[in-house]
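Enquirer: turn this into a model:
(6 chains)
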There are 4 protein chains.
Amino acid sequence: MEFNNNKSIFLQIADNITEKVVNGTFPPGEKIPSVRELAADLGVNPNTIMRTYNELQAMKIIDNKRGIGFFVNPDARETILEQKKSEFFDHVLPQFLHQAKLVGISIPELKKHIDKLN
Amino acid sequence: MEFNNNKSIFLQIADNITEKVVNGTFPPGEKIPSVRELAADLGVNPNTIMRTYNELQAMKIIDNKRGIGFFVNPDARETILEQKKSEFFDHVLPQFLHQAKLVGISIPELKKHIDKLN
Amino acid sequence: MEFNNNKSIFLQIADNITEKVVNGTFPPGEKIPSVRELAADLGVNPNTIMRTYNELQAMKIIDNKRGIGFFVNPDARETILEQKKSEFFDHVLPQFLHQAKLVGISIPELKKHIDKLN
Amino acid sequence: MEFNNNKSIFLQIADNITEKVVNGTFPPGEKIPSVRELAADLGVNPNTIMRTYNELQAMKIIDNKRGIGFFVNPDARETILEQKKSEFFDHVLPQFLHQAKLVGISIPELKKHIDKLN
DNA sequence: GTGGTCTAGACCACC
DNA sequence: GTGGTCTAGACCACA
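Expert: I've put the predicted structure just below:
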């Protein structure tokens, strides 16, 4: 895994895990790698992984079983998609239209470009 | 003006100014507020405004007349639009479609939402 | 039995057993489940049960007959009640009233709530 | 400030701050000590304070102004009291009554003890 | 073995 | 000056 300098490592790892949850690499209920294991795997300090896992736990994407490890929350996939959906409609879409307008692209033009890219 | 904690203040102010240039609030050739004035206005440290102005100057959006102030570059509007346009098509649009897809929104649905917001 | 993540599992199991002793589910002198049996029952590591039993033994709530198993101490009920009583009056009650006060609940209100829950 | 070994330091510091918010030592909108400052004050590592502040920010008790510091959220007091109230009714009170019952204290007796301590 | 906390020290962007 | 992130390394309780 390669890291981008614009975003903190622990968040990039979190994104990577949520992606794996969404695409089924980490199925609901499954154990995810231990803190130390993943740290060694990614060549990163265990504290950084710990921070990632704390974040994901706060988002109810993973759960902790004491002394055993972290597990994908059964509802993780729904939680993630719902969260992304609301973000899309609340922020991404309006801001996208704002930018299109600023740049002087009309709605019909915009639709054409969308079709072209699909 | 309210600031978003996710982006540095000097960039948010820069965005605000470029937008005013594009929509005509700051016409080409016109003097823009002095560093100290704008700082007081926004309740922000003058250094922050200075950084904004330096950034805008590097982008050839404003020019500095020593001892007098900063002025909107005659070609600022074109410069900004060109830059924003290429950014829009190169990054914003593709990434927007990627997100829509991820969230499970079909193209027809997407178009409906776009119409609804206009 | 469901476990709370705020408290160590072996203590939660110990609480569960003392409660069963007090309410008569485990009468004095009776044999309690073997370590392996209870471990399987609760889906927990046998070491964890062992630790629970050690703890209870130290509190003189259960006794070990080597090679046979663990048995409820004849005086277990009294031991537990005495211990819980002093803890209740020394710590639980005062701290409970402190919290109620902090949250802004008056004594009469508090009594009403107590009645309501009974 | 002295630390108790039963609870993590960063949470004890967080409790200390919420207490100061509730009792008015840190009024709404006021700046709280900088990370380094408080760390030096308490003889604790800055990372530990950072963690405390992250926690409090997630609870909407403090806000961050970029490059300036952390400030008490205007609604912090209400947020804290509300949170404590719901915890009291959802967990503390029921569990308190459960313990009283287990120990064999009747409701009238309980009320007497409450009166005595006030 | 697992997570959880803490320290010491470094480096960075931003105000 | 402010917060924010990361590393290296240590120690602990718990399963």
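Enquirer: who touches A:Asn45 in this structure?
Expert: By CB atoms under 8 Å, 6 or more residues apart in numbering or on different chains, the contact list for A:Asn45 reads A:Ala39. Using the backbone N, CA and C atoms, a C-beta is placed for each residue, glycine as well.
Enquirer: again, 10 Å this time
Expert: A:Asn45 is in contact with A:Ile9, A:Phe10, A:Ala39, A:Arg51, counting by CB atoms under 10 Å, 6 or more residues apart in numbering or on different chains.
Enquirer: what helix or strand does the second one sit in?
Expert: Take DSSP states H and E as the rule and A:Phe10 turns out to sit in helix A:9-22.
Enquirer: now do the helices in chain A.
Expert: A:9-22, A:35-42, A:46-58, A:76-87, A:93-103, A:107-116 (DSSP state H).
Enquirer: just put those in TSV and tack on mean pLDDT, mean neighbour count and distance to D:Pro27.
Expert: Output for the helices of chain A, formatted as TSV (pLDDT from 0 to 100; neighbours: other CB atoms under 10 Å in any protein chain shown; distance: least, CB to CB, whole Å):
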stretch	mean pLDDT	mean neighbour count	distance to D:Pro27
helix A:9-22	97	18	33
helix A:35-42	97	16	40
helix A:46-58	98	18	28
helix A:76-87	95	16	34
helix A:93-103	92	17	36
helix A:107-116	91	13	49
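Enquirer: quick one: closest of those to C:Pro94.
Expert: Among the helices of chain A, the nearest to C:Pro94 by CB to CB is helix A:46-58 (33.0 Å).
Enquirer: now check that closest one, is it near chain B?
Expert: No. Residues of helix A:46-58 contacting chain B under CB under 10 Å from any CB of the partner chain: none, with a closest distance of 15.7 Å.
Enquirer: report the angle between that helix and helix A:76-87.
Expert: Using axes from the mean of the first three to the mean of the last three CA atoms, to 10 degrees, the inter-axis angle of helix A:46-58 relative to helix A:76-87 is 80 degrees.
Enquirer: any idea which residue sits dead centre in chain A?
Expert: A:Asp15 (3.2 Å; CA atoms, centre = their mean).
Enquirer: hmm, back to that, quick check, the helix holding A:Phe10 touching DNA strand E?
Expert: No. Helix A:9-22 stays clear of DNA strand E (CB under 7 Å from any atom of the strand), getting no nearer than 12.4 Å.
Enquirer: helices or strands next to that helix in the packing?
Expert: helix A:35-42, helix A:46-58, strand A:62-65, strand A:69-72, helix A:76-87 (3 or more CB pairs under 10 Å, 6 or more residues apart in numbering or on different chains; DSSP states H and E).
Enquirer: got the angle between it and helix A:35-42?
Expert: 100 degrees.
Enquirer: could you dump helix A:9-22 to CSV, C-alpha only?
Expert: In CSV, the C-alpha atoms belonging to helix A:9-22 read as follows (Å, rounded to 0.1, in the frame of the first residue of the first chain):
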residue,chain,number,x,y,z
ILE,A,9,-1.8,7.8,6.9
PHE,A,10,-4.2,6.6,9.5
LEU,A,11,-7.1,7.9,7.5
GLN,A,12,-5.8,6.4,4.3
ILE,A,13,-5.7,3.1,6.0
ALA,A,14,-9.2,3.6,7.3
ASP,A,15,-10.4,4.3,3.8
ASN,A,16,-8.6,1.2,2.6
ILE,A,17,-10.4,-0.9,5.2
THR,A,18,-13.9,0.6,4.6
GLU,A,19,-13.3,-0.1,0.9
LYS,A,20,-12.5,-3.8,1.7
VAL,A,21,-15.6,-4.0,3.8
VAL,A,22,-17.8,-2.6,1.0
